[in-house]
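S.K.: Here is a sequence with its predicted model. Questions after.
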Amino acid sequence: MKLITAIIKPFKSDDVREALSELGVNGMTVTEVKGFGRQKGHTELYRGAEYVIDFLPKAKIEVAIEDDLVDQAIEAICKAAQTGQIGDGKIFVSNLEQAIRIRTGETGNEAL
Amino acid sequence: MPTTKSLSITLLLSALLAPSLAFAQGSEISGANTAWILTATALVLFMTIPGLSLFYGGLVRTKNVLSILMQCFAITIMISILWLLVGYSIAFGPSESAFWGGLSKALFNGVEVDSVSGDIPETVFAAFQMTFAIITPALIVGAFAERMKFSAMMMFSGLWALLVYFPVANWVWGGGWLGQMGLIDFAGGTVVHVTAGVAAVVAALMLGQRKGFLSSAMVPHNMTMTVTGAGMLWVGWFGFNAGSALAADGSAGMALIATHLSASAGALTWMSIEWIKYGKPSALGAVTGMVAGLATITPASGSVGPAGAMLVGIAGGAVCYFATTYMKTKLRIDDSLDVFPVHGVGGMLGTVLAGILISQNLGVFSGNGYAEGMAMGSQVIVQITGILAIGIYTGVLTIIILKLVGALTSGIRVSDEEEQMGCDITDHDEKGYSM
C-alpha cells in the first residue's frame, strides 16, 4: 500500500476527486493548507501599506491506495491538477505499513 | 336630525383640534423637529455601535477583534454616564464663561420633561449631543488598536472626554469663544474630527509602533465586517450632519444631500487613485474614501451647496489618500487604523473649505453666503484659528493625559508577550472567534 500526498491548487480539488473516483479509489482526505514553493507569495495592499504574503493557500489531498493503482493514480492526479502555470503543486508517495477499517476491523487492502 | 348631525361634527372637530391648539399655546415645541432629532440621535448612536465597531473590528487581526468591539462599547457606556454627571453641563451649561458651561446642569439638574432647547425638548437635544460625545473618543480607538491596555484606554477616554471634548464642544457649539468668533463647524469637523485625529496621532507616537509594523503582514482579518460597518457609518452620518440642523427643515435637507454627495465623491476619488496607481481598485480604498468624504463634509455640510459638496468630497478623498500613504510609509507612524490622516486631515480640510465654499459668488458651486460682516478672507482666518486652537489644545492635553494614565497604570502599553497573544485573551479572557 502507498500513501499519496498531493499538494494542488485549491480549485482543482474537485477535478482530482473525480479522476480518482473513476479509478475506483473509495476515499480521500482533503485539507486546506498554506505553503510556498517556486511560486513564492503575492502582495496585498491595504491603504498604501504593501504586505508580502509568503504562504499561499493550497489543497492537500491524502489518499491511501493499493500498490497496483499507484502509477494510474499519479497519472490521474497530474492530469486533473495540471494548469501548466507555476504553482500547480507536487505529489509525494510514501510506503504505508498498515490500514485498518475501524468499524469492521478489516486490515490491509480490504480496509481501503 | 341635520342639526344634531352638524352639531356632533362640530363637537368631534373641536375635540380633535383642542389638544393640538392647547399644545401649540402651552409650549414652543415643534413636533416635526423633535421627531427628526429623536431619529437622528438613534442614527448617530448607530454609527458607533455597531457601525464604527465593525468598521474598526474588521481591520485588526483576529486576535484583537473583540478588544476593538469592547473598547467601542465600553466608551459608549462610560461617556454616557459622564455626559449625565458633568459632560452636558460643561459643554452646554449656561455659564457666562466663554470656555466652559459650568456645573449648574451637572446630573442633568433642571433638565425636566418640559424643558425646552430651541424648539425641541432639552432631553432630546442633550441625548443628540451625547451621541457625538460618544463617537469622538471611540474614533481614537483606531490609533492605539492592538496594543493599549484596556484599563489605560478607559482612563484615557474618560479624562479626554472631560478635559478635551466637553470644553471644546462648548467653545464651538455651547456659546463659547470660537462660536462667538464666527467659526463655521456645522456638525463637528473641529469638535469631533480634529480633536479625535490629533489625539490619535499623539497617542500613536506615544505608544510606538506595533511589533512588526510594516515588516510583517498585518492584514485586515475580516474585510466583510469592515465594509458592513462602513455602510452603517454612511447611513448614520445622515443623522450626524442633517441632525445638526436641529430642525426638520431645508438646512437639514441640504446637509443630507451634501453629506451623501461628498461621501460618494470621496469614495470615487480614492478608488480611482488606487486604480490608476496600482492597477486595481480596492474595497478598503473605496470605503476609506467614503469616510474621508464624510469627515471632510462634516463641518461644511450646513454651508455648501450640492455641487460644492462634490468638490469637498473630491478634495477629501485625494488629500486623505496621500496623507494616509505619507504617514505610513514616509513618516512610519503607526496610527493603526489611520485615524489622523482620514479624520484629522479630513476635518481640517473641510473646516477650511467651509469658509470658502459658503461663498455665494462661486456660480453653481456657491453656498449659503457669509454671515454679516464676514468675507472669504476673514472667514478663512477664523476657520484656521479654530483648527489651530483646537488642534494645539487637544495635542497638549492628550500628552498630559497619556502621561498621567501611564503613571497610574504603570505603562499604557501591553507587554510584548501580551501583544503577541492578542488583546482579546490578555485583556478580556475571551476570543472573538472559537472555531
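M.R.: Cool, got the structure. Numbers count the residues shown, from 1 in each chain, chains lettered A, B, ... in the order given.

S.K.: Tell me which stretches of chain A form strands.
M.R.: A:2-8, A:29-35, A:42-46, A:49-53, A:56-65, A:89-95 (DSSP state E).

S.K.: Now do the second one: which elements does it pack against?
M.R.: The elements that strand A:29-35 packs onto, with contact taken as 3 or more Cβ pairs under 8 Å, 6 or more residues apart in numbering or on different chains; DSSP states H and E, are strand A:56-65. Where you see a C-beta, it was placed from the backbone N, CA and C, and this is true even at glycine.

S.K.: circling back to that earlier point, will you turn the strands of chain A into JSON lines that also has mean pLDDT, distance to B:K330 and mean neighbour count?
M.R.: Listed next are the strands of chain A as JSON lines, based on pLDDT from 0 to 100; distance: least, Cβ to Cβ, whole Å; neighbours: other Cβ atoms under 10 Å in any protein chain shown:
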{"stretch": "strand A:2-8", "mean pLDDT": "97", "distance to B:K330": "40", "mean neighbour count": "20"}
{"stretch": "strand A:29-35", "mean pLDDT": "95", "distance to B:K330": "32", "mean neighbour count": "12"}
{"stretch": "strand A:42-46", "mean pLDDT": "88", "distance to B:K330": "16", "mean neighbour count": "14"}
{"stretch": "strand A:49-53", "mean pLDDT": "86", "distance to B:K330": "12", "mean neighbour count": "14"}
{"stretch": "strand A:56-65", "mean pLDDT": "95", "distance to B:K330": "30", "mean neighbour count": "19"}
{"stretch": "strand A:89-95", "mean pLDDT": "97", "distance to B:K330": "40", "mean neighbour count": "13"}
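
S.K.: Export these to JSON lines and append columns for distance to B:A187.
M.R.: Shown next, in JSON lines, are the strands of chain A (distance: least, Cβ to Cβ, whole Å):
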{"stretch": "strand A:2-8", "distance to B:A187": "54"}
{"stretch": "strand A:29-35", "distance to B:A187": "46"}
{"stretch": "strand A:42-46", "distance to B:A187": "29"}
{"stretch": "strand A:49-53", "distance to B:A187": "30"}
{"stretch": "strand A:56-65", "distance to B:A187": "44"}
{"stretch": "strand A:89-95", "distance to B:A187": "55"}
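
S.K.: so which of those strands gets nearest B:S410?
M.R.: Between B:S410 and the strands of chain A, the shortest separation by Cβ to Cβ is 31.4 Å, and it involves strand A:49-53.

S.K.: who does the closest one touch, helix- and strand-wise?
M.R.: Counting contacts by 3+ Cβ pairs under 8 Å, 6+ apart, strand A:49-53 is packed against strand A:42-46.

S.K.: Sheet partners, orientation included, of the strand it packs on?
M.R.: Paired with strand A:42-46 in the same sheet, following DSSP bridges, are strand A:49-53 (antiparallel).

S.K.: what's the angle from the partner strand to strand A:29-35?
M.R.: Counting by axes from the mean of the first three to the mean of the last three Cα atoms, to 10 degrees, strand A:49-53 lies at 130 degrees to strand A:29-35.

S.K.: how close does the closest residue to B:F92 other than its chain neighbours sit to chain A?
M.R.: Spatial nearest neighbour of B:F92, chain neighbours left out: B:G174 (4.6 Å); criterion: Cβ to Cβ, 6 or more residues apart in numbering or on different chains. Counting by Cβ to the nearest Cβ, to the nearest Å, the gap from B:G174 to chain A is 35 Å.

S.K.: what does B:I425 give?
M.R.: To chain A, B:I425 is 23 Å away according to Cβ to the nearest Cβ.

S.K.: That residue: which element?
M.R.: B:I425 belongs to helix B:423-428 when assigned by DSSP states H and E.

S.K.: Same check on B:G253?
M.R.: Element membership for B:G253 (DSSP H and E) is helix B:250-278.

S.K.: so how far is that helix off the chain centroid?
M.R.: In terms of Cα atoms, centre = their mean, to the nearest Å, the centre of helix B:250-278 is found 17 Å from the chain centre.

S.K.: Tell me how many other residues crowd the closest residue in space to B:L233 that isn't next to it in sequence.
M.R.: Excluding its sequence neighbours, the residue lying closest to B:L233 (Cβ to Cβ, 6+ apart) is B:G51, at 4.4 Å. Neighbourhood size, B:G51 [other Cβ atoms under 10 Å in any protein chain shown]: 26.

S.K.: now the one 3 residues further on
M.R.: Residues near B:L54, counting by other Cβ under 10 Å, number 25.

S.K.: quick one: B:Y165 from B:V116, how far?
M.R.: Here the criterion is Cβ to Cβ, to the nearest Å. By it, B:Y165 lies 25 Å from B:V116.

S.K.: brain fart, B:I425
M.R.: In terms of Cβ to Cβ, B:I425 sits 50 Å off from B:V116.

S.K.: The strand or helix carrying B:G308 - contacts with which helices or strands?
M.R.: Using DSSP H and E, B:G308 maps to helix B:306-325. If contacts are counted by 3+ Cβ pairs under 8 Å, 6+ apart, helix B:306-325 sits against helix B:250-278, helix B:283-297, helix B:345-357.

S.K.: and the following helix or strand past it, how far out from the chain's middle?
M.R.: Later in the chain than helix B:306-325, the nearest helix or strand by DSSP H and E is helix B:339. Distance of helix B:339 from its chain centroid, counting by Cα atoms, centre = their mean, is 12 Å.

S.K.: For helix B:339, which helices and strands make contact with it?
M.R.: Using 3+ Cβ pairs under 8 Å, 6+ apart, helix B:339 sits against helix B:122-144, helix B:195-207.

S.K.: Looking at those, which is nearest to chain A?
M.R.: Evaluated over the helices and strands packed on helix B:339, closeness to chain A peaks at helix B:122-144, with 11.7 Å, by Cβ to the nearest Cβ.

S.K.: Pull out the buried positions in the helix holding B:G308.
M.R.: Across helix B:306-325, burial judged by 16 or more other Cβ atoms under 10 Å in any protein chain shown covers B:307-321, B:323-325.

S.K.: now swap in stretch A:73-81 and tell me
M.R.: Residues A:73-74, A:76-78, A:80-81 are the ones in stretch A:73-81 that count as buried (16+ other Cβ under 10 Å).

S.K.: same check, this time on stretch B:86-104
M.R.: B:86-93, B:95, B:100-101.

S.K.: Alpha carbons only: can I get it in CSV?
M.R.: The C-alpha trace of stretch B:86-104 is given here as CSV (Å, rounded to 0.1, in the frame of the first residue of the first chain):
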residue,chain,number,x,y,z
VAL,B,86,-20.9,66.7,34.1
GLY,B,87,-20.5,66.5,30.3
TYR,B,88,-23.7,68.1,29.2
SER,B,89,-23.2,70.9,31.8
ILE,B,90,-19.6,71.6,30.8
ALA,B,91,-20.5,71.6,27.1
PHE,B,92,-23.9,73.3,27.1
GLY,B,93,-24.4,74.7,30.6
PRO,B,94,-25.5,78.4,30.9
SER,B,95,-22.3,79.8,32.4
GLU,B,96,-21.0,83.3,31.5
SER,B,97,-17.6,81.9,30.7
ALA,B,98,-16.5,81.6,27.1
PHE,B,99,-14.5,78.4,27.9
TRP,B,100,-16.9,76.1,29.6
GLY,B,101,-20.5,75.8,30.5
GLY,B,102,-20.1,75.5,34.3
LEU,B,103,-21.5,72.8,36.5
SER,B,104,-25.0,74.1,37.1
